[in-house]
Every structure is written in structure tokens, then in C-alpha cells.
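[1] What follows is a predicted structure for the sequence shown.
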Amino acid sequence: MHLEVSQLSKEFTTATGPLLALNDINLHVETGEFVCAVGASGSGKSTLLRLIAGLDFPTEGQISVDGQPVTGPGADRGMVFQSYTLYPWMSVQHNVEFGLKLQGVGRQARREQASYFLDMVGLANFAQALPKQLSGGMQQRVAIARALANQPKILLLDEPFGALDVQTKETLQQFLLELWQRTGTSILMITHDVGEAVFLAQRVYVMTARPGSIQREIRVDLPRDRDYAIKRQPKFHRYQDEIMDLLRETTSVRPARAYAG
């Protein structure tokens, strides 16, 4: 087991009382696996990823990577957000090097490592550019290169293509799938886009509305090597329809229960 989330719950304190955002989440990601969690807005997807990244703490339950409990942020987990979160005053090269510099990696070694991953994401020619000189899709590729340069055990993606136009989004979905195949990096991605989840993932966790919980785990039995032609296949649409039906069952507004733990 690579990443394991066990009996995870998260409660927030609000002006109107306790709010249970996540309830008894159980999921796992095996080494080298691409997994998506899909759910409607307000299902706690981003909260779940923040907990796994160590940016917040669960009310109950445990998160571990290779058997080691997650107690805060760590180099074993790389995080890519929907917003590009690049430092605007730094060049693309220095943005990718930044995490390595914090780890104490020497100048030459981090330059070589950053250059390698920029080449991998197809941006070697833009190493000296500033983020504002890049398109949104290119900036997100820089963010992915920065996360990969730290060589995390698992890459966490928080709806990374949600702010992009449809054509750019589809291009980056194909790019991400090919990058995963080349690197073998374990990936957990959250999304509200059902077609995106089916296209990318080997398994999909379908989350309920708040309080978020795992409604069903679906294994996507499609070829590992996928391109957009697969979206026209009946099998692809069956998976998509199955997940949509599950989401429709949970999108009616439900009152959030007080946390009893």
C-alpha cells in the first residue's frame, strides 16, 4: 500500500456550529497508480487533498505514505493546485528549482534536475521566461514540473485543469496521461469532471455530497495507453453514465450532521 487513508473525518467550527465536511473516508493508491476522486462542489474533495498534503489535520482517522503517518507537509507528496501558484518574479527555471533549493540541493544539481523536468513537460525553451509570459496551460505545466522535480512518492492534483478552456484542458489531460506513463509517478487527482476522471484514472472514487464520504470505488477497465478516440467507445460512456448516476443520487441538498466523535 503506497498511500492509505483510513477512517478519515474532518469537522470545521463555524459561526452556526460544527460542520462535518468529511466522514469516514477510506481510500488507497498503489505505487505507480493513477486514481481520481470525483464529486460535486461542496463534497470535500479539496479538503481531502489538503489533509493528505499535510496542510490541515483530520479530526479523526489516519493518513500514511509507505506506512509513515502524515503529520504535515513533506517532500514525499507533491501538490499542484487549480491556480498555478508560481512566483511571478522568478523565471520558469527558478520556479522549478525552488523546492530543491529549500531542500539544500546544490546549485548545479538543482539546475540539472529542473532542466530535465522542464524538458519532460516540453518547456525547455521557456526556462528564462517569467510566468506572465506563458499561457495558462503552460503555467500549469511549469507547476507540474516543479512538483515532479522534488521527486515525490505521490503527486496530488487539485482540479489542475479546472480554470482552462476546453481545448487546452483536453490537451493537458493527454499530456498528463503520457507524463504519468513515462515517469511511473503515483497520482491522486480530484475533479468534478466525470469524463476527465474516466479518461485518466485506473480507479475512480465517487464521493457523496456533504458530508463527503466514499460512495463507491469503480475500477476503470480501459487500456493503460489511451487517447481521445477512447472517448467515443461505448465502454467509456458506460463508465461515465454510471458515475453520473451515482452523483445525481447525492446532489440533493442534505443537512450537515453535527460531528459525533
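    That came through, no problem.
[2] which secondary structure elements does whichever strand or helix holds Gln167 contact?
    According to DSSP states H and E, Gln167 maps onto helix 166-183. Helix 166-183 sits against helix 107-120, helix 136-149, helix 194-200, with contacts defined as 3 or more Cβ pairs under 8 Å, 6 or more residues apart in numbering; DSSP states H and E. Any C-beta I mention is one placed from the backbone N, CA and C, and that applies to glycine too.
[3] so what pLDDT did Glu170 get?
    Per-residue pLDDT puts Glu170 at 88.
[4] contacting residues for it?
    Tyr228 (Cβ atoms under 8 Å, 6 or more residues apart in numbering).
[5] ok, it to Thr191 distance?
    Distance, Glu170 to Thr191, by Cβ to Cβ, to the nearest Å: 13 Å.
[6] Could you do Ile25 as well?
    Ile25 is 17 Å from Thr191, by Cβ to Cβ.
[7] can you check Lys169 too?
    Distance from Lys169 to Thr191, by Cβ to Cβ: 11 Å.
[8] ok, those two, which is more surrounded?
    Set side by side, Lys169 and Thr191 show more neighbours around Thr191, with 24 against 18, by other Cβ atoms under 10 Å.
[9] hang on, the more buried one packs against Glu159?
    Yes. Counting by Cβ atoms under 8 Å, Thr191 does reach Glu159; the two are 5.4 Å apart.
[10] Can you pull the residues that touch both of these two?
    Joint contacts of Thr191 and Glu159 (Cβ under 8 Å, 6+ apart) are Lys45.
[11] which stretches of the stretch 151-261 of the chain have low pLDDT?
    251-261 (pLDDT under 70).
[12] Strands along that one, start to end?
    Taking DSSP state E, counting those that start in this stretch, the strands of the stretch 151-261 of the chain run over residues 154-158, 186-191, 203-207, 214-219.
[13] still on that earlier bit, dump the helices and strands packed on helix 166-183 into TSV; add distance to Lys101 as well.
    Listed next are the helices and strands packed on helix 166-183 as TSV, based on distance: least, Cβ to Cβ, whole Å:
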stretch	distance to Lys101
helix 107-120	6
helix 136-149	11
helix 194-200	31
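[14] closest one to Thr208 among those?
    Closest approach to Thr208 among those (Cβ to Cβ): helix 194-200, 14.8 Å.
[15] helices or strands up against the closest one?
    Secondary-structure packing of helix 194-200 (3+ Cβ pairs under 8 Å, 6+ apart): strand 34-38, helix 166-183, strand 186-191, helix 234-250.
[16] Convert the C-alpha atoms of that helix to CSV, please.
    Extracted as CSV, the C-alpha positions of helix 194-200 are listed here (Å, rounded to 0.1, in the frame of the first residue of the first chain):
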residue,chain,number,x,y,z
VAL,A,194,-16.5,12.9,-14.8
GLY,A,195,-15.2,12.4,-18.3
GLU,A,196,-11.8,13.6,-17.2
ALA,A,197,-11.7,11.1,-14.3
VAL,A,198,-12.7,8.2,-16.6
PHE,A,199,-10.1,9.2,-19.2
LEU,A,200,-7.2,9.5,-16.8
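[17] Of the helices and strands packed on helix 194-200, which is nearest Gln62?
    Nearest of those (Cβ to Cβ): strand 186-191, 16.1 Å.
[18] mind listing what that closest one pairs with, with the direction of each?
    Under the criterion DSSP bridges, strand 186-191 sits next to strand 34-38 (parallel), strand 154-158 (parallel) in its sheet.
[19] Would you reformat these as CSV and include mean neighbour count?
    CSV is the format used below for those (neighbours: other Cβ atoms under 10 Å):
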stretch, mean neighbour count
strand 34-38, 25
strand 154-158, 23
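[20] No further queries at this time; thank you.
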